[in-house]
Structures are given as C-alpha cells and as structure tokens.
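Novice: Need a 3D model of the sequence below.
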Amino acid sequence: MEKKNLQYEDLTLLPRRWFPLPKLDGYILREFLIKYSVLLLVFVILFILSDVYRDISDFLEAKASYRSILQYLGYKLPGNVRFILPISMLLGCMWTMATFGKNMEITAMRASGVSLFRCGGSIFVVGLIVTAVNIYFNEALVPYTERRAEEIRSEVADGRKYVQNLLTYRSTDQQRHWLFKTFTTDEAQQNVTVKTFWTDGMIDDIVLGAGDAEFDALIRQMFRLKADRILALSREERAKEIRKELKGRKVDFFANRVSYDAGKKAWTFSDGNFTSYDRNDETKFEASRGTSTMHDPQPYKSIVFNEKEIPEAPDDIMNSIKEKDDLPTLVIWDLVRRNDNMPDRVYSIYMTVFYYRLAFPWACFLAVFLGIPLATKNERTGSLMAIITAVGIIIVYIVVAQVFLVLGKGGILNPVFAGLAPTLAFIGCGAYRILHDRN
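Specialist: Numbering: from 1, shown residues only. Reported below is the predicted structural model:
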C-alpha cells in the first residue's frame, strides 16, 4: 500500500491549460469554420431549391420578371436560415471533433493538459455568436422578410395589392368581433363592422356627448317607449338611467371608412351607423336573445375610440392571420400584456410560443454542448458515425420540442415548462457529458 502511494506521489500531473492558447484555438476554429461553411452552403442551396420547386410555377404563370423572382427568394432566405443555423452548428461541431478524434488529436490535446471543455473553446464562442445572430433573425429580420415575400407574391403572382378579403378578427379579450370586407396594407380600411358591447366611455362620447337637439332625437330613436320618461329626468338622473339601459348591451358599429392614429392609439370610424341589441332577459324566446334590434341603425359622421375602448392596433389584426409561431417574441409579449382578460386557452398558446421562441435560438449553443462530448466519445468510429448521431439528436430534439409545444398550447403543460424544458434539458445533458468526460 505504501509502495502504491509512493508511486502516485512520484507522478507529475500536467496542469490544466486554459488561456491563452492562440495556436490551438486558431487551428480548431479554422477546421470548424471550413466544415460549418460547407454545411451552411449545402443547406441554403437545398432550401432555395425547395422554395423554387414549391412557388416558382405561380411566378412563371403570371409572367413575373426575374427580378421579382430573385427578390422573393431573397426575402424567403432568412426564414430558412434560422432553422439551418442550429442544424449546421451541431453537424459541423460533431464533424470537426470526430475528425480530431479519428486522428488522435483529441487524445494529444488532453494528454497535454487541455480538457475536453477547453478543446472546444473556440467553437463555444462561435456558438454564442451564432445564437445572437439567430435571435436577431427571429425577432427583427424574419417577420419583416416573410411579410415582404408574401406581398411580392400577392402583387406579382396574383396580380393584386396585398389584400386580405373577408377578414374576421376576434379580440383576445373576446369583447370585439371585427368584420372587414377587405383588409389592406394601407392605413385606412373600407366597409368595417365591429360587434362589441356598450361601455361607459362609448355612452359618454356617443350618447351623452351629443348636442341638445341631437340628444333628444337620439334618445327617442334608441329608447322609443321609454324616451319620454328618460327625457323628463334631471341631467344627472338621465345619465344614470341611460348607462343602466345601455351598458353591457351588444352593439354593432358600421363605418364606410376606418383609420388608425398610431400616435394617439385611437380608431376613427367615419360615415357609418350603429345598432344596439336586446338583453338576454328582454325577449321571451331564448333563441332570439341578443339578436333582436333595440332600435333602427343610427347614423353618425365620426366616432373616435381611444385605446381603452379598442386596445388592438392594425398590426394586432394583421398578426392574427399569421401563425403564432411566426410572431416576434416582443409582439407576443405586448399582446399578452395589453389584454388582461385574455382567455386561458389563448393565453396558453401565446405564452407557450413565447417561451419556445426564447429557447429555440439557444439550440445553436445546445449543439456545441452536445456535439463535443458525443463526437469524442468513441474516437475510432469516425466522422460518419458522428454525423449519423447528430442527425438522430436533431430528430429527437425537434420531436420532443414539438410535442411539448403542442401540450403547452393545449393547456396540458405549463407554458414556461413546455417552451423551455426541451432546450434546457438537452443543454443540461451536454454539460453533464462535458463535466463527466473532462478528466
């Protein structure tokens, strides 16, 4: 026993090397970037060919110019690149480290006191940079380029301005239902109907705020048999009675023209009419409750609705026709923040996507955490086995992430857990492997 202790004491262990290692880092970085660039180029070409195969026939039938086709493909490219980045990162990392392992270079590095974690230091830096790029793509670039691509396709291939016909929009608090004959990219909309409920603000501005002559005529039109009794009350009692009669009733506002002031966050309805409906307890037959009109359509010249009465903006309406997964994180957060009465089902969908979008760009960093230990696990298996392993990991990660995403949107899993858990779990597995194999 003493002899063994003396033998171990005679051993001189090489100290761990961290920074600086410029020659080693430069060599690893150069080899990785070569392979990463090749993979990026291959995947970009494949995605471009996919877009060409899927959409080019529409442009050719419309006899679109080559310039329009190239613009469309260029705007579609960033949306494809954001998915390519993490895949290429994982494949490139495993390809590079597997090549080092096959040539016994990893063994030489570790024998020289360089840990497995430190071997991939330059690749970790690239992973962080690519993660930042992916975040920029997801949050700032892709929403704009995807919209521009669709506008080009509508204008060139379909021969019309970007218009959404017969668009309906239900506000996230379920209080307003918009009907658009056409929803265009212009500031003003034509022929718009909003189905909502009377609020105190609407009553004050539209009914109580009318001039004396207009007020009397409006009350007689709206309340009919009750009009004389209401008009005989004092001003204070009259306002109280009108609020009691109207607040919470269904009302439709139709306008020939609707515009939005982004600075004031206010909607202006022009040249239209409004119609109120009965309450649930005002009609004998249940099937007709809320559908019988309280009065004939009342015309108006202009009505302004502030942010409190109609909080949604045109961008919210446009975003509603997009897939929730394509919305920027800040847009999702703003929608949730501004709608306190959002139903639980809608809240689960938005917040699950929100946390998933926060986690997804970090898949680039996840690729490094997984790629280094797995590629060097068996140094003699070669690059082919590393690439096969990488593809398997990518498939497992995507499947698990999508399953959690569906469960989170359905309210089965907590949105935070559903959005973050798959990515954090895979990063944790990679970190554990690195720490386990560091000696």
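
Novice: Quick check: D25 touching G121?
Specialist: Yes. With contact defined as Cβ atoms under 8 Å, D25 reaches G121; the gap is 6.2 Å. To be clear about C-beta, it is placed using only N, CA and C from the backbone, and glycine gets the same treatment.

Novice: correct me, but Y350 touches I332?
Specialist: Yes. Counting by Cβ under 8 Å, Y350 touches I332, with 5.2 Å between them.

Novice: What ranges does the stretch 151-300 of the chain have for its helices?
Specialist: Listed in chain order, the helices of the stretch 151-300 of the chain (DSSP state H, counting those that start in this stretch) span 200-202, 212-223, 227-231, 235-246.

Novice: Could you save those helices as a markdown table and add columns showing mean pLDDT, distance to I395 and mean neighbour count?
Specialist: Shown next, in a markdown table, are the helices of the stretch 151-300 of the chain (pLDDT from 0 to 100; distance: least, Cβ to Cβ, whole Å; neighbours: other Cβ atoms under 10 Å):
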| stretch | mean pLDDT | distance to I395 | mean neighbour count |
| --- | --- | --- | --- |
| helix 200-202 | 89 | 54 | 16 |
| helix 212-223 | 86 | 63 | 15 |
| helix 227-231 | 87 | 69 | 14 |
| helix 235-246 | 89 | 58 | 15 |
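
Novice: Need those in TSV (columns: distance to Y169).
Specialist: Formatted as TSV, these follow (distance: least, Cβ to Cβ, whole Å):
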stretch	distance to Y169
helix 200-202	19
helix 212-223	27
helix 227-231	35
helix 235-246	24
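
Novice: For V125, which of these is the nearest?
Specialist: For these, the distance to V125 is smallest for helix 200-202, at 54.8 Å, taking Cβ to Cβ.

Novice: hmm, who's touching the closest one?
Specialist: The contact list for helix 200-202, computed with Cβ atoms under 8 Å, 6 or more residues apart in numbering, reads R243, K247, V251, F305, N306, K308, E309.

Novice: So what's the residue count around the last one?
Specialist: Right, the one you point to is E309. Neighbourhood size, E309 [other Cβ atoms under 10 Å]: 18.

Novice: Contact partners for it?
Specialist: E309 is in contact with T199, G201, M202, counting by Cβ under 8 Å, 6+ apart.

Novice: My guess is the first one contacts K247. True?
Specialist: Yes. Using Cβ under 8 Å, T199 and K247 qualify as a contacting pair, with a distance of 7.0 Å.

Novice: Between those two, which is the more surrounded one?
Specialist: Under the criterion of other Cβ under 10 Å, the comparison of T199 against K247 puts T199 first, with 19 against 13.

Novice: From F180, how far out is the nearest residue to that one once chain neighbours are set aside?
Specialist: Distances taken as Cβ to Cβ, 6 or more residues apart in numbering place E309 nearest to T199, at 5.9 Å, with adjacent residues excluded. Look at E309 and F180: by Cβ to Cβ, to the nearest Å, they are 19 Å apart.

Novice: Equivalent analysis for K226, please.
Specialist: Here K226 is placed at a distance of 35 Å from F180 (Cβ to Cβ).

Novice: who has more neighbours, these two?
Specialist: Each of K226 and F180 has its neighbours counted (other Cβ under 10 Å); F180 has more, 21 against 14.

Novice: A239 - nearest residue in space that isn't next to it in sequence?
Specialist: With sequence-adjacent residues excluded and distances taken as Cβ to Cβ, 6+ apart, A239 is closest to L208, at 5.6 Å.

Novice: What ranges does the stretch 301-439 of the chain have for its helices?
Specialist: Here the stretch 301-439 of the chain has its helices, by DSSP H, counting those that start in this stretch, at 314-320, 329-337, 344-359, 363-375, 382-409, 415-436.

Novice: Dump those helices to a markdown table, plus distance to L218, mean neighbour count and mean pLDDT.
Specialist: Converted to a markdown table, the helices of the stretch 301-439 of the chain look like this (distance: least, Cβ to Cβ, whole Å; neighbours: other Cβ atoms under 10 Å; pLDDT from 0 to 100):
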| stretch | distance to L218 | mean neighbour count | mean pLDDT |
| --- | --- | --- | --- |
| helix 314-320 | 30 | 17 | 75 |
| helix 329-337 | 36 | 17 | 76 |
| helix 344-359 | 36 | 20 | 83 |
| helix 363-375 | 60 | 26 | 68 |
| helix 382-409 | 46 | 17 | 78 |
| helix 415-436 | 47 | 18 | 78 |
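
Novice: closest to S88 out of the ones you listed?
Specialist: helix 363-375 (8.5 Å).

Novice: hmm, back to that, redo the contacts of E309 as JSON lines? Include distance to P361.
Specialist: What follows is the contacts of E309, written out as JSON lines (distance: Cβ to Cβ, whole Å):
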{"residue": "T199", "distance to P361": "41"}
{"residue": "G201", "distance to P361": "41"}
{"residue": "M202", "distance to P361": "43"}
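
Novice: Out of those residues, which comes closest to F417?
Specialist: Relative to F417, and with distances defined as Cβ to Cβ, the nearest of the contacts of E309 is T199, at 37.1 Å.

Novice: tell me the phi and psi of that closest one?
Specialist: Phi and psi for T199, reported as degrees, to the nearest 10, are phi -120, psi 170.
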